[in-house]
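*Asks:* Sequence first, then the predicted structure, then my questions.
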Amino acid sequence: KGHIKKEANANERIRQITAYHEAGHTVATALLTNQELTRVTILPSTSGVGGYTKAIPPEQELYTQEQVANEIKVLYAGRQSELAFNHGNKKEVTIGCSNDIQVATSMLKNCLNFTDLVDNGPIVDYTQFGFSGEKESLKIVENVSERLMKETTDFVNEHWNEIELVAKALLEKETLQGEEVMEILGL
């Protein structure tokens, strides 16, 4: 019997972490982007992922530097919400955010010559300069990532009440439609 209870507690902990992770993505999507939020769930998908947030991006071919930065913050918001839920204990952050980090890193790498985003001055594709350029590119990407991660942490702290409201609703209902999220957020 003790084993079953321990497993039940572990499953509830996973549900909670998933709810806060998805709530972070959801609140960031709602407040930082002009995407139409359609659905958020903590139910596992067929790919085994613990939950997901679905939004429809507006039809456009060009994105501003601010929009790209906000999309990266949406990706980081899941991890940073997990971190806040775990009272800053990095050892409790799950690997569920690994795909988010991969996508954010790819976006950052593709934005190396956005002067205002990287705050680097010249508009140069450092990858054309071989190994030394790749090292420079990595340094730039790390600096921008660090800045955006800090801004995301500030966002999560500032909007923690909204994240908690969405997370608690997810724990109760498991799936929320976009309209329900917008109602919870008062938007």
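*Replies:* Sure, I can see it.

*Asks:* where along the chain do the helices fall?
*Replies:* 2-32, 65-85, 98-110, 115-118, 130-158, 160-173, 178-185 (DSSP state H).

*Asks:* Deepest-packed of these, please.
*Replies:* Highest mean neighbour count among these (mean count of other CB atoms under 10 Å): helix 65-85, with a mean of 23. Yep, even glycine has a C-beta here, placed from its N, CA and C like the rest.

*Asks:* distance between it and the chain's centre?
*Replies:* Averaging C-alpha positions (CA atoms, centre = their mean, to the nearest Å) puts helix 65-85 4 Å from its chain's average.

*Asks:* packing partners for it?
*Replies:* The contact analysis (3 or more CB pairs under 8 Å, 6 or more residues apart in numbering; DSSP states H and E) places helix 65-85 against helix 2-32, helix 98-110, helix 115-118, helix 130-158, helix 160-173.

*Asks:* can I get those in a markdown table with mean pLDDT?
*Replies:* Below are the helices and strands packed on helix 65-85 laid out as a markdown table (pLDDT from 0 to 100):
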| stretch | mean pLDDT |
| --- | --- |
| helix 2-32 | 82 |
| helix 98-110 | 88 |
| helix 115-118 | 60 |
| helix 130-158 | 88 |
| helix 160-173 | 96 |
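
*Asks:* ok, back up a step: switch the helices of the chain over to a markdown table; also include distance to residue 43.
*Replies:* What follows is the helices of the chain, written out as a markdown table (distance: least, CB to CB, whole Å):
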| stretch | distance to residue 43 |
| --- | --- |
| helix 2-32 | 9 |
| helix 65-85 | 16 |
| helix 98-110 | 17 |
| helix 115-118 | 35 |
| helix 130-158 | 23 |
| helix 160-173 | 10 |
| helix 178-185 | 15 |
